[in-house]
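In: When you get a sec, could you give me coordinates for this:
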Amino acid sequence: MSAVPPDPRSVAGQVTDPELPTLTLADLGVLRDVRTEADGAVVVEITPTYSGCPAMGVMRADLLRALHEAGFGDVDVRTVLSPAWTSDWISAEGRRKLAAAGIAPPGSAPVRTDGPVPLQLGPPRRTADCPLCGSPDTEELSEFGSTACKALRRCRSCREPFEHVKEI
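Out: Residues are numbered from 1 along each chain as shown. Below is the predicted model of the structure:
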């Protein structure tokens, strides 16, 4: 009796993000599609959180390794840029995991219309509740945290610093 092969989507869905290892690529919304072609090849499509994301090579290698270890020989990981990733694609479970790890999840992404991107001369005005004590009284210390996708903030109530995933 032969064993039933694993579902490639389930395998790919368990690969974690190299910059936010508390999240899977599925939680983050980066994992766009996993399918098996007629010839048996597994095709995985991923979208970077922003163009030039330095973690894409690691994501690709981690997906290849996980799928090869699960017994899939022919795997093709493709980058899909359109539509562009949005922080709205982070799952409810992913948002819960971020908060549990002390990282404020993003709010709703800005609404964008078709056509040229408007020039914003002022700094973006972001808010985030403290993931540690829940206070909305927080301040931005730096627009950039440990990655370009996160800002560094501090809670004025509990005085703890924390990162906030930006709304993109």
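
In: that's a strand at Val77, yeah?
Out: Yes - Val77 sits within a strand when classified using DSSP: H, G, I helix; E, B strand; the rest coil.

In: correct me, but it touches Asp62?
Out: No - contact between Val77 and Asp62 fails when scored by Cβ atoms under 8 Å: they sit 9.5 Å apart. Where C-beta positions appear, they are placed from N, C-alpha and C, glycine not excepted.

In: Can you give the domain ranges for this protein?
Out: Annotated domains of the chain cover 8-79, 126-168 [automatic domain parsing].

In: Mind pulling up the pLDDT for the closest residue in space to Ile168 that isn't next to it in sequence?
Out: Excluding the flanking residues, the one nearest Ile168 by Cβ to Cβ, 6 or more residues apart in numbering is Ser87, at 4.8 Å. Looking at Ser87, its pLDDT reads 94.

In: How about the contacts made by Ser87?
Out: Thr49, Pro106, Ala109, Val165, Lys166, Glu167, Ile168 (Cβ atoms under 8 Å, 6 or more residues apart in numbering).

In: Ok, Arg35 next?
Out: By Cβ under 8 Å, 6+ apart, the residues touching Arg35 are Pro8, Val42, Val43.

In: repeat for Pro106
Out: Counting by Cβ under 8 Å, 6+ apart, Pro106 makes contact with Ser87, Ile90, His164, Val165, Lys166, Glu167, Ile168.

In: now with 10 Å?
Out: By Cβ atoms under 10 Å, 6 or more residues apart in numbering, the contact set of Pro106 is 86-88, 90, 95, 98, 126, 128, 149-151, 164-168.

In: Dihedrals phi and psi, the closest residue to Ala100 other than its chain neighbours?
Out: If the residues on either side of it in the chain are set aside, Ala100 comes closest to Thr22, at 7.5 Å by Cβ to Cβ, 6+ apart. Main-chain torsions, Thr22, degrees, to the nearest 10: phi -80, psi -10.
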